[in-house]
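heads up, no residue letters with this:
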């Protein structure tokens, strides 16, 4: 035998579906509050798992394709606020700026793109991966089930 429960509003629209039927031994207020609390915690765990995986994807996308948009926004911000912007095509000097100590010729843009922008994103991805490993996220998923 199958029982289907639905809440239908006064206009005839289904507003809520019941996804499972649970055999409840006790129907006291304390038991019901505990069940509601567990369902909320379960939903919070799912939200955390979704948020972490989405953040990782967005950071990776930003690292792969976000530099051009980012630098355009920086240039616009600097122009709007009358902030001097360094010449991105100029040679970047490491250390004390002595040209005899410079082994590689890199531009200011290269330095900011690869040595700052990408490194910061990599650092954030590493921190997320260390805190939320694949096994941890899978474990959260099993707690939900």
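That came through, no problem. It should be emphasised that the depicted structure is a prediction, and the values quoted were computed from it without experimental measurement.

Quick one: the helices in this structure, in order.
Listed in chain order, the helices found in the chain under DSSP state H are 29-65, 67-80, 108-110, 118-131, 134-144.

closest one to residue 93 among those?
For residue 93, the closest of the helices of the chain is helix 108-110, at 9.3 Å, according to CB to CB. For every residue, glycine as well, the C-beta is placed using N, CA and C.

Pull the residues that contact the closest one.
The contact list for helix 108-110, computed with CB atoms under 8 Å, 6 or more residues apart in numbering, reads 71, 86-92.

quick one: which of these has the most company?
Using other CB atoms under 10 Å as the neighbour test, these are led by residue 92, with 18 neighbours.

if I pick residue 84, what's in contact with it?
The neighbours of residue 84, taking CB under 8 Å, 6+ apart as the test, are residue 78.

Over to it: give its phi and psi.
phi -70, psi 130 (degrees, to the nearest 10).

how near is it to residue 75?
Between residue 84 and residue 75 the distance is 12 Å, computed by CB to CB, to the nearest Å.

With residue 57 instead?
Taking CB to CB as the measure, residue 57 falls 27 Å from residue 75.

Same drill for those two, tell me which one is more crowded.
Neighbour tally, residue 57 and residue 75, criterion other CB under 10 Å: the higher count belongs to residue 75, 13 against 10.

so where's the protein uncertain?
Applying pLDDT under 70 to the predicted model, the residue ranges of the chain that meet it are 1-9, 14-29, 31-32, 35-43, 95-103, 135-145.

rewinding a little: please indicate which of the helices of the chain has the most neighbours on average?
Scoring the helices of the chain by mean neighbour count under mean count of other CB atoms under 10 Å gives helix 108-110 as the most buried, with a mean of 16.

related to what we said a few turns ago, would you convert the contacts of helix 108-110 into JSON lines that also reports distance to residue 130?
As requested, the contacts of helix 108-110 are exported to JSON lines (distance: CB to CB, whole Å):
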{"residue": "71", "distance to residue 130": "29"}
{"residue": "86", "distance to residue 130": "34"}
{"residue": "87", "distance to residue 130": "38"}
{"residue": "88", "distance to residue 130": "33"}
{"residue": "89", "distance to residue 130": "37"}
{"residue": "90", "distance to residue 130": "37"}
{"residue": "91", "distance to residue 130": "36"}
{"residue": "92", "distance to residue 130": "31"}
